[in-house]
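Asks: A structural model of the following input is requested.
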Amino acid sequence: MRYLFLLTITPVQDFISQARKLKDLYGGSTILSKMSEVGIEYAKKRGATIIFPQQTEGKNSYPNRFLIEISFDNEDKLKSFASNMSNEILNYFRNLNKTKSSIVQKHIEDFFQIYWSASEYSGEYKDAFDEVEKRLAGAKNSRFFSQLGEVGRKCSICGERNIAIYQKPMRFYIKEQRKKLLVAKKSDNIQHGEGLCGVCYVKRKSTTKGFDSISDITIMNIPVEIRERYNYLQNDNQLFYEENLIKEYFQKNDIDYPLDECLRELQEFKKAIRGEYKQTSYYAIVMFDGDDMGKWLSGQKLNDKSRLKEFHKDISSYLSIFATEANHILKEPKGITVYAGGEDFLGFVNINNLFEVLQELNTQFNELISKPLKEKYGLSDNFTFSAGVVIAHYKTPLGTVLNEVRKSEKKAKKNAGKDSVCFTVLKRSGEIRETVLKFESFFELEYITKQLNKNFSDNFISVLEKEFLLMCDKNGELDNSLNSMVYTELERTLKRSLKIESAKDNIVLMVDSIRKIHTVNFRNFTNGLYICRFINKEIG
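Replies: Sure, this is the predicted structure:
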C-alpha cells in the first residue's frame, strides 16, 4: 500500500527565539534543521520518496516538517516506521547532552513533540494530501506533556525550567538546589551570575559557529583589517564601544586587559575611521516567510489540480535554490543568515547594507521562485513574501527584539494584498517608530534616506507632522480630500530644507518618491520619514 506521510517537529518558535546570545539563536536553528535532516535521511534509507523539502546543492536549513511517499504491506509496518523514525529524531537531540546531569537529561528528554499522519492513496494525490493535512491538524490538537513540578531558581534565558548549570557567583533562595547543579567551565560560555536549564544549555553548546555579541554585527561595516590593528579591542567587539570600557564590564566578562591601554586604542581607532567609516550601535533583524503558503500548498491557486504533486516538488526545489542564494546575499560583512529553509528566513544585517540586502532578497525571490512557477503552471498570482524588519540597539535584549520582529512580520502579512514590509525602529531611549508599506513603496525609503544625507535637511518631516497630525482621526488617518494640501505643503517645506542650490532639480524627484510612501494613515507615513531620518543619522 502506498501512503502519503507528513511529519512535524514542535515547538519551533519558542525553541529558536528564546535566546540571549547569537549563539543561542543559531544553535536552536541548527538543532531543529538537523533533527529534520535525520528524519529525512532515515526515510530515504527505507525507500521513501521525498516530496518536500527538495534540497539542492548548498547547505540550507531544513524546515521543521516534511512530506514523503512510502509503501508498506500493512498499517502496523507504517506505525513501526513512524515510531522508529520519531525515536531517531528525538535521540539526535538527546545525544547532544554530553553531561551526566540528571536535570539536563530530564529537561531535554520530553521537550520536543513529534506529530505525524499518513493517508493511503491510489487515486488523486490532492485528495490524499488534503486528508493527511487534516489528520495532522487533528493530531496536533492533542498535546502531551510531563509535569516537571520544579521549585527553585529559573533559567536566565527561557524562565520556564530550573537551572541545571550556572556560573558563579549566584545566589540561591533554596540552598539545597545548589547541590544538584553543574558549575560552568569557561568553555561552556556562560557568564557570571547566569544559569541555564538543560534545553538552553544544550542549545548554547551545540555549535561553535555564530557570534558572541550583537556588536559583531554592528561593527561589520568597518573592515577587519582596521580592527585587527588593536591588540586588545579586537578580541571583543564590544570594546570598540566606549560605554563598555569600564571596570564592571571587565569584571563581568573576565577581561584582564589594562583599561587605560584599551581606552588609548579606542581613541586611535576613532581617529583611524574618522571621515571614512561611521560607527553605529544599531543593527537590523529581517524575518520573512512566504505569503498564503496554505493556499499554495493546497493547490487553491493552481489551475490544474492534477499537477499538485509536481507543483509541490517544484515549489520546494525553487525555495531551496532561493535559500542557497539567500545565504550568499547575506553574509559577512553585510550580516549573517541564521536560518534560510523552505520559505522562512531569519537574518541579522548591518544597517549600512539593509536596503541593498532586502532589495536583492526580494528580487531573487521573484526571479528564482515566482517567475518560474508562473511560467510553468500559468499562474495568475505572484508568489510573494512579507517581512518584518526591526532596527535595534545592540544593548537591547535579544529576546525583546526577536519578539518585536515576529510582531512586525505578522503586521506585514495583515496589510492588504500582503507582499509588504513592517519596518520598526526601537531606539535605546524607548521611542518606537513603525511603518507598514508594500515592497514596491518600501524601496523608496532608500532614495529618501540618501537625499537627506546629501541634499535636504530633515526639518520638513517635523513640520509636516505638526501641521497635519491634528487633522487626523484617532487612528492617525487623514481624509483623502486633504492629500493635495499635503503634497503642496511637502513641496514648499522641501524647498526650504534644501541644503545646496545646485540640488534644486532633486525637489521634484524627492516629492515623487515621498508620495509613493504616502498612505491613508498619516502617522504610518510620517513614521516612514522619521525612520529615514534615523538611518541617515546612524550611517550618513
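Asks: can you pull out the helices in the stretch 151-300 of the chain?
Replies: 175-179, 198-205, 215-218, 224-227, 247-252, 259-273, 293-298 (DSSP state H, counting those that start in this stretch).
Asks: show me where pLDDT drops low in the stretch 51-200 of the chain?
Replies: Applying pLDDT under 70 to the stretch 51-200 of the chain flags the ranges 56-60, 143-149, 171-178.
Asks: which parts of it are strands?
Replies: 65-71, 113-120, 165-166, 182-183, 195-196 (DSSP state E, counting those that start in this stretch).
Asks: residues in contact with Ala503?
Replies: By CB atoms under 8 Å, 6 or more residues apart in numbering, the residues touching Ala503 are Lys454, Asn455, Phe456. For every residue, glycine as well, the C-beta is placed using N, CA and C.
Asks: let me see the contact set for the first one.
Replies: The contact partners of Lys454, by CB under 8 Å, 6+ apart, come to Lys499, Ala503.
Asks: could you report the pLDDT at it?
Replies: With respect to pLDDT, Lys454 scores 89.
Asks: JSON lines please, covering the strands of the stretch 51-200 of the chain and showing distance to Arg492 and mean neighbour count.
Replies: Formatted as JSON lines, the strands of the stretch 51-200 of the chain follow (distance: least, CB to CB, whole Å; neighbours: other CB atoms under 10 Å):
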{"stretch": "strand 65-71", "distance to Arg492": "55", "mean neighbour count": "20"}
{"stretch": "strand 113-120", "distance to Arg492": "61", "mean neighbour count": "19"}
{"stretch": "strand 165-166", "distance to Arg492": "62", "mean neighbour count": "25"}
{"stretch": "strand 182-183", "distance to Arg492": "68", "mean neighbour count": "16"}
{"stretch": "strand 195-196", "distance to Arg492": "58", "mean neighbour count": "28"}
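Asks: turn those into a markdown table, including distance to Val349.
Replies: Converted to a markdown table, those look like this (distance: least, CB to CB, whole Å):
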| stretch | distance to Val349 |
| --- | --- |
| strand 65-71 | 27 |
| strand 113-120 | 33 |
| strand 165-166 | 33 |
| strand 182-183 | 36 |
| strand 195-196 | 28 |
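Asks: out of these, the one nearest Ile369 is which?
Replies: strand 65-71 (18.3 Å; CB to CB).
Asks: quick revisit: of the helices of the stretch 151-300 of the chain, flag the one that's most buried.
Replies: helix 198-205 (a mean of 26; mean count of other CB atoms under 10 Å).
Asks: please compute how far that one lies from its chain's middle.
Replies: 20 Å (CA atoms, centre = their mean, to the nearest Å).
Asks: before we move on, what about stretch 192-199?
Replies: On CA atoms, centre = their mean, the centre of stretch 192-199 falls 24 Å from that of its chain.
Asks: can you give me the end-to-end span of that stretch?
Replies: 19 Å (CA to CA, to the nearest Å).
Asks: element containing Glu434, please.
Replies: Here Glu434 sits within strand 432-438, counting by DSSP states H and E.
Asks: output the contacting helices and strands for whichever helix or strand Leu346 is part of.
Replies: Assigning secondary structure by DSSP H and E places Leu346 in strand 344-350. With contacts taken as 3 or more CB pairs under 8 Å, 6 or more residues apart in numbering; DSSP states H and E, strand 344-350 sits against helix 215-218, strand 282-290, helix 308-329, strand 335-341, helix 354-365.
Asks: that strand: partners in the sheet, and parallel or antiparallel?
Replies: Strand partners for strand 344-350, identified by DSSP bridges, are recorded as strand 282-290 (antiparallel), strand 335-341 (antiparallel).
Asks: pLDDT of it, averaged?
Replies: 95.
Asks: using CSV, write out every CA atom in that strand.
Replies: Taking C-alpha atoms only, strand 344-350 is exported to CSV below (Å, rounded to 0.1, in the frame of the first residue of the first chain):
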residue,chain,number,x,y,z
ASP,A,344,11.3,31.0,6.0
PHE,A,345,14.2,33.4,6.6
LEU,A,346,15.9,35.0,9.6
GLY,A,347,19.0,37.1,9.3
PHE,A,348,21.0,39.9,11.1
VAL,A,349,22.0,42.8,8.9
ASN,A,350,24.5,45.7,9.4
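Asks: list of residues touching that strand?
Replies: Under CB under 8 Å, 6+ apart, the answer for strand 344-350 is 16, 22, 29, 63, 214, 217-218, 220-221, 283-289, 323, 326, 330, 333-340, 357, 361, 385.
Asks: go on, stretch 428-438?
Replies: 281, 393, 395-396, 408, 411-412, 415, 417, 419-427, 445, 517, 519, 524-525, 527-528, 530-531, 534.
Asks: if you count neighbours, what's buried in that stretch?
Replies: Buried residues in stretch 428-438, counted by 16 or more other CB atoms under 10 Å: Arg433, Glu434, Thr435, Val436, Leu437, Lys438.
Asks: since that was my last question, I'll sign off now.
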